[in-house]
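In: Sequence and predicted structure, then a few things I'm wondering about:
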Amino acid sequence: MSPRPGHATPTTTPIPYAGERHNRQRCDRRRRKRQRRNWQTPSKNVSGKFKTDADGVPSVDVMNEIHAHLTSSAAEAARVTRGVTPEQLADPSGCTDWTVRELANHLVLYTAHGLEHRALRTQLPDDLVARDFTADADWPEQYAAQLDRALAAWAKPEAWDGDIDLGGGNTVPAGEIAAMLLAELALHGWDLARATGQDFSLPDDTGTYLLDVVERYAEMYREYEGFASPTPVDPTAPAFTRAVATSGRTI
């Protein structure tokens, strides 16, 4: 599939401005093409941390905790998109070869539509993957509405039941997928905020949970070149700040 207008092929972690190592972030195009074709989340070395019942369903407390963190992260990401001006869409995003438009399109596709499709166990349709969401003047409101639909899908107990098939024979427990999508939402929300001169803030408990998720999966994502090496950060910094640095972004 050829690249779509306004998009770069997707990745998990943005990278530097063209020709630079700014922020030590990396966009791995081979991995992005693999995601575009199969929409797979790396499953190697995924360890089931969640308390589950005999059917592999996380406990109600775990489901409620992750859903609450998804909700707060979604609200902040939606707020940030409303602060993006049309003039900023053509600006570099801090990711090599990615403009703010491309980063925004990735955010909308994978953290809103993708979040819902994972809960429903359905694939992203090609026409959605090919869409330039930012071509619509009200794209931030459309993003917010789609986030609400995605959160509603994850509010249903059956969304957490068993594993999610990623294709190619790879399956991952639904709770683990939800945790990884939380990281995608928060980290790319931070990327967009940084690229457009905004702040990205999360409640302390969400930041603490996110740090645990990022630390748990960091080596796996580095193996797939989704994270860069961790960057220096004050060990007493807030948990979310440390999560951002652990993912390879410079604060």
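Out: It's in. Quick caveat, the model's predicted, so the values are computed rather than measured.
In: ok, for residue 153, nearest residue in space, not its chain neighbours?
Out: Leaving out its chain neighbours, the residue that sits closest to residue 153 by Cβ to Cβ, 6 or more residues apart in numbering is residue 119, at 3.7 Å. Glycine gets a C-beta too; all of them are placed from N, C-alpha and C.
In: Doesn't that neighbour lie inside a strand?
Out: No - in this structure, residue 119 is helix, not part of a strand, as judged by DSSP: H, G, I helix; E, B strand; the rest coil.
In: ok, now which ones touch it?
Out: 150, 153, 154, 156, 159 (Cβ atoms under 8 Å, 6 or more residues apart in numbering).
In: Closest to residue 194 out of these?
Out: Residue 194 lies nearest to residue 150 out of the contacts of residue 119, by Cβ to Cβ, at 23.4 Å.
In: For that closest one, report the pLDDT, please.
Out: In this model, residue 150 is scored at 98, pLDDT.
In: show me the contacts for it.
Out: If you count contacts by Cβ under 8 Å, 6+ apart, residue 150 has them with 74, 112, 113, 115, 116, 119.
In: Go ahead and list the helix or strand containing the fifth one.
Out: It stands for residue 116. helix 114-120 (DSSP states H and E).
In: so the spatially most central residue of the chain is in which element?
Out: Nearest to the geometric centre of the chain sits residue 184, at 1.6 Å (Cα atoms, centre = their mean). Assessed by DSSP H and E, residue 184 sits inside helix 174-195.
In: got the CA positions of that helix in CSV?
Out: What follows is helix 174-195 as a C-alpha-only set of coordinates in CSV (Å, rounded to 0.1, in the frame of the first residue of the first chain):
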residue,chain,number,x,y,z
ALA,A,174,-6.6,-7.8,26.1
GLY,A,175,-5.5,-6.1,29.3
GLU,A,176,-1.9,-5.9,28.0
ILE,A,177,-3.2,-4.4,24.7
ALA,A,178,-5.1,-1.8,26.6
ALA,A,179,-2.0,-0.9,28.6
MET,A,180,0.1,-0.5,25.5
LEU,A,181,-2.5,1.6,23.8
LEU,A,182,-2.5,3.8,26.9
ALA,A,183,1.2,4.4,26.3
GLU,A,184,0.6,5.1,22.6
LEU,A,185,-2.1,7.7,23.6
ALA,A,186,-0.1,9.4,26.3
LEU,A,187,3.2,9.5,24.6
HIS,A,188,2.0,10.6,21.2
GLY,A,189,-0.3,13.1,22.9
TRP,A,190,2.9,14.5,24.6
ASP,A,191,4.6,14.5,21.2
LEU,A,192,1.9,16.6,19.6
ALA,A,193,1.8,19.0,22.6
ARG,A,194,5.6,19.5,22.4
ALA,A,195,5.5,20.0,18.6
